[in-house]
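Engineer: Build the 3D model from these lines:
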Amino acid sequence: MAQFAHLVEMLQQELSCTEYLLGTLHDERELLESRDLAGMQALLVHKSDALNLLEKLRHNRSQWLQNQGMGQTDSRLLQELEAQQDATASAAVELLIHCRENIDKCNYFNELNGILISNSRKRNSRQLDLMRGISQEQKLYTAKGGTERRTSQTQVGRA
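Structural biologist: Residues are numbered from 1 along each chain as shown. Reported below is the predicted structural model:
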């Protein structure tokens, strides 16, 4: 059917965009590991553009599906497509599944990159505290049985 052919085209565009985003997230991880800030700044522009394009493509598909009277959620659309006895609908099913898998991978890699960034921030914060002469002592018990964090400043920090 012609309507499924248009859907296949839209899904191919989304798949291409998710694959580009996966590559960008892989590059981001390498740049994070090598601490290449200049490369990260350039990459973030590409990552933002890819995310904006993916959002636009998904919005366009959602509107088109609404105009066709089809399910807008991936699970409902998948059910409707599987009910069809059409080769183009089957191709759309495969593309939809592959797009979903890529989105899940993107979420996973984005979470991993976020952990790298968080750990880097903590490490940098600790190093700055050491340079300032502020050391974190172990938590001590209070009179009420709770704990409190105590910090002390060394001579180097006051200089």
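Engineer: what distance separates stretch 101-120 from the middle of the whole chain?
Structural biologist: Relative to its chain's centre, stretch 101-120 lies at 5 Å (C-alpha atoms, centre = their mean, to the nearest Å).
Engineer: Show which residues not belonging to that stretch make contact with it.
Structural biologist: With contacts defined as C-beta atoms under 8 Å, 6 or more residues apart in numbering, stretch 101-120 is touched by 15, 18-19, 21-22, 25-26, 28-29, 32-33, 35. C-beta coordinates here come from the backbone N, C-alpha and C atoms, glycine included.
Engineer: change it to 7 Å
Structural biologist: 15, 18-19, 21-22, 25-26, 28-29, 32 (C-beta atoms under 7 Å, 6 or more residues apart in numbering).
Engineer: List buried residues within the residues you listed.
Structural biologist: Neighbour-count burial (16 or more other C-beta atoms under 10 Å) applied to the contacts of stretch 101-120 gives 15, 18-19, 21-22, 25, 28, 32.
Engineer: okay, Gln85: pLDDT?
Structural biologist: Note on Gln85: pLDDT of 78.
Engineer: ok so, going back, return the subset of the contacts of stretch 101-120 lying in helices.
Structural biologist: Counting by DSSP state H, those place 15, 18-19, 21-22, 25-26, 28-29, 32 in helices.
Engineer: Show the backbone phi and psi for Leu65.
Structural biologist: Backbone torsions for Leu65, taken as degrees, to the nearest 10, come to phi -60, psi -40.
Engineer: give me the number of residues near it?
Structural biologist: Leu65: 19 surrounding residues under other C-beta atoms under 10 Å.
Engineer: Take the contacts of stretch 101-120 and lay them out in CSV including pLDDT and distance to Leu7.
Structural biologist: As requested, the contacts of stretch 101-120 are exported to CSV (pLDDT from 0 to 100; distance: C-beta to C-beta, whole Å):
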residue, pLDDT, distance to Leu7
Leu15, 95, 12
Thr18, 95, 16
Glu19, 96, 19
Leu21, 95, 21
Leu22, 95, 22
Leu25, 94, 26
His26, 94, 29
Glu28, 93, 31
Arg29, 93, 33
Leu32, 88, 37
